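> model the structure of this input:
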Amino acid sequence: MEAWQFSLFFAALVLGYVVLHVRIARFEEHLRSLALLRSIDDRLAALPAQLPGGDREQLHRIEVQLQRLHDDFEDVREAMTRTGDQIGEAIVRIPQPPAPLGAEGAVAGGAPATAGERLRAVVETRLLQLGYSQLRLLTDLQGASLEGDFEVQVEAERKHMPVKGRVLVRNGAIRDVAMQTVAPTFP
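Below is the predicted model:
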């Protein structure tokens with residue numbers, strides 16, 4: 001064996017020793033942390049005896065409730081992953097409210113609004129906020145007044161299902177919305 005071969009062998013041997021020494025040191029650190037975990041495990045095992053009265057039945061009930069809570073969270077997570085794409089359909093887009101009325105009853109654009117136009121805007125805005133679409137107001141609002149009670153008959157759609165109903169307006173504000181799908185009206 002020549003000198004250069006011996007030097008390469010000796011350098012590889014020293015390098016192997018250093019790598020082995022570093023790994024053993026890391027392993028000892030890992031064993032120390034495991035010993036610390038064993039002491040934590042011992043303290044947890046002694047915890048039921050430290051409870052007031054040492055009630056194991058109460059501890060068992062808490063464990064059962066925690067397991068039930070864990071199962072419920074798993075069910076919610078699975079439901080969210082299954083219906084993740086349907087959530088976008090469930091979000092209701094709320095439209096902008098109609099232009100505010102001025103002191104003289106004129107729309108902010110300057111043209112005077114009649115009582116019928118204002119009632120139509122109030123009813124349509126409220127129904128759109130509630131998630132209805134394809135609105136059709138069946139009641140003639142030409143002779144409507146903002147004072148007193150007024151009933152507006154309405155047809156619309158909600159979640160692709162036709163609905164019919166009425167909207168009660170008192171003094172220009174919505175008092176009641178009573179809408180019903182047409183499905184229960186069929187025999």
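
> quick one, strands of the protein?
133-137, 149-158, 161-170, 173-181 (DSSP state E).

> by mean pLDDT, which helix or strand of the protein comes out lowest?
One helix or strand of the chain scores below all others by mean pLDDT, DSSP states H and E: helix 87-90, with a mean of 49.

> out of the strands of the chain, which gets nearest to residue 44?
strand 149-158 (53.9 Å; Cβ to Cβ). (Each C-beta comes from the backbone N, C-alpha and C, glycine too.)

> name every strand pairing with that closest one and say which way it goes.
strand 133-137 (antiparallel), strand 161-170 (antiparallel) (DSSP bridges).

> identify each buried residue in the shortest one, please.
Neighbour-count burial for strand 133-137 flags residue 137 (criterion: 16 or more other Cβ atoms under 10 Å).

> so which residues make contact with that strand?
Here strand 133-137 makes contact (Cβ atoms under 8 Å, 6 or more residues apart in numbering) with 120, 123, 124, 127, 128, 152, 153, 154, 155, 156, 157, 158.

> same question for the last one.
For strand 161-170, the external contacting residues (Cβ under 8 Å, 6+ apart) are 119, 122-123, 126-127, 132, 148-157, 174-183.

> for the protein, which spans come out with low pLDDT?
48-49, 51-56, 81-112, 184-187 (pLDDT under 70).

> show me how it divides into domains.
1-50, 59-91, 115-185 (automatic domain parsing).

> which of those sits most buried?
The highest mean neighbour count among the domains of the chain, using mean count of other Cβ atoms under 10 Å, belongs to domain 115-185: a mean of 15.

> distance of residue 14 relative to residue 21?
As judged by Cβ to Cβ, to the nearest Å, residue 14 and residue 21 stand 11 Å apart.

> and what of residue 115?
93 Å.

> before we move on, what about residue 46?
39 Å.

> and for residue 153?
89 Å.

> then residue 76?
Distance, residue 76 to residue 21, by Cβ to Cβ: 51 Å.

> what does residue 128 give?
75 Å.

> swap in residue 8?
Using Cβ to Cβ, residue 8 is found at 20 Å from residue 21.

> longest helix anywhere in this protein?
Looking across the chain with DSSP state H, the single longest helix is helix 3-50.

> figure out how far that one is from the centre of its chain.
Computed by Cα atoms, centre = their mean, to the nearest Å, the separation of helix 3-50 from the middle of its chain amounts to 47 Å.

> find the nearest non-adjacent residue to residue 142, please.
Distances taken as Cβ to Cβ, 6 or more residues apart in numbering place residue 116 nearest to residue 142, at 5.4 Å, with adjacent residues excluded.
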